[in-house]
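1. Quick check, what structure comes out for this input:
(one chain, ligands or ions: 1)
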Amino acid sequence: MFELPQLPYEYNALEPHIDEQTMHLHHDKHHAAYVTNLNEALIGNEKLLSMPIDQLLKNLDQVPEAVRTKVRNNGGGHANHSMFWLWMIKGGKMPAGKITEVLDSTFGSLDKFKEAFAKAALGRFGSGWVWLVSEKGKLNITDTPNQDTPLMEGLPAQAGKSPILGLDVWEHAYYLKYQNRRADYVASWWNVVNWQKVEELLAQTL
Ligand code: MN3
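-> Here you go, the predicted structure:
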């Protein structure tokens, strides 16, 4: 069975950038529902229920066709949100180490990277995610619809494109505080990004 992870900080830890009420709804309702629906879709399938979530998403072809879309949406939702909580931290953590070098060499500077990432976030029509992915240290910005994730491309995490940073641009992630102002949400989100986590994930892809 898949389980809802606890937040690694208090619900109000990301204030004022991400408000407490949004965190409660987002974690306790939205993420919880993805976990419940994922378990429900896989009832009786012990093999799939015992896979790590990223393995399950890399092997969607092993999921019975009747529940594949449900597993894709809810399993993606579970994986994406489990990572999303870890990509944020109270007070934020500035980039340091290898990630700064790679962002500079790929995008020109941290600010230019942020600009390009924000542009992708604003350009994603409707619900979805924006990603910074690493392919053996080669960085790219991508985006996916719904709860799809780069993990679904069928490539092993160590050899393929691994998400090392992701931003939820579903309205449920920001609408209470920012309403339709997605650009303001993205601009504010940088203040709580946990770059130390990004650095760790980058290192795993090198
Ligand atoms: Mn969400």
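2. Nearest to the ion: which residue in this structure?
-> Closest residue of the chain to the ion, CB to the ion: residue 168 (4.2 Å). Using the backbone N, CA and C atoms, a C-beta is placed for each residue, glycine as well.
3. My guess is that residue contacts residue 81. True?
-> Yes: the criterion here is CB atoms under 8 Å, and residue 168 meets it with residue 81 at 7.4 Å.
4. sorry, back to before: count the neighbours of the residue of the chain closest to the ion for me.
-> Residue 168 is flanked by 24 other residues according to other CB atoms under 10 Å.
5. ok so, going back, so what's in contact with residue 168 and residue 81 at the same time?
-> residue 26 (CB atoms under 8 Å, 6 or more residues apart in numbering).
6. Distance of the closest residue to residue 190 other than its chain neighbours relative to residue 178?
-> In space, and not counting its chain neighbours, residue 190 is closest to residue 114: 6.2 Å by CB to CB, 6 or more residues apart in numbering. Note on residue 114: its distance to residue 178, by CB to CB, to the nearest Å, is 17 Å.
7. who's more crowded, these two?
-> Set residue 114 next to residue 178 and count neighbours by other CB under 10 Å: residue 178 wins out with 19 against 16.
8. quick one, what contacts that one?
-> With CB under 8 Å, 6+ apart, residue 178 has these contacts: 184, 185, 188.
9. which residues does the first one contact?
-> Yep, that's residue 184 we're talking about. residue 178.
10. Check which helix or strand it maps to.
-> Secondary-structure assignment from DSSP states H and E places residue 184 in helix 182-189.
11. And that helix, how far out from the chain middle?
-> 16 Å (CA atoms, centre = their mean, to the nearest Å).
12. Grab the CA positions of the following helix or strand past that helix and hand them over as CSV.
-> Next along the chain after helix 182-189, taking DSSP H and E as the criterion, comes helix 195-205. Provided in CSV are the C-alpha atoms of helix 195-205 (Å, rounded to 0.1, in the frame of the first residue of the first chain):
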residue,chain,number,x,y,z
TRP,A,195,18.3,24.1,-3.4
GLN,A,196,20.1,21.7,-1.1
LYS,A,197,17.6,19.0,-2.2
VAL,A,198,18.1,20.0,-5.9
GLU,A,199,21.9,19.7,-5.4
GLU,A,200,21.4,16.2,-3.8
LEU,A,201,19.2,15.0,-6.7
LEU,A,202,21.6,16.4,-9.3
ALA,A,203,24.5,14.5,-7.7
GLN,A,204,22.5,11.3,-8.0
THR,A,205,22.3,11.8,-11.8
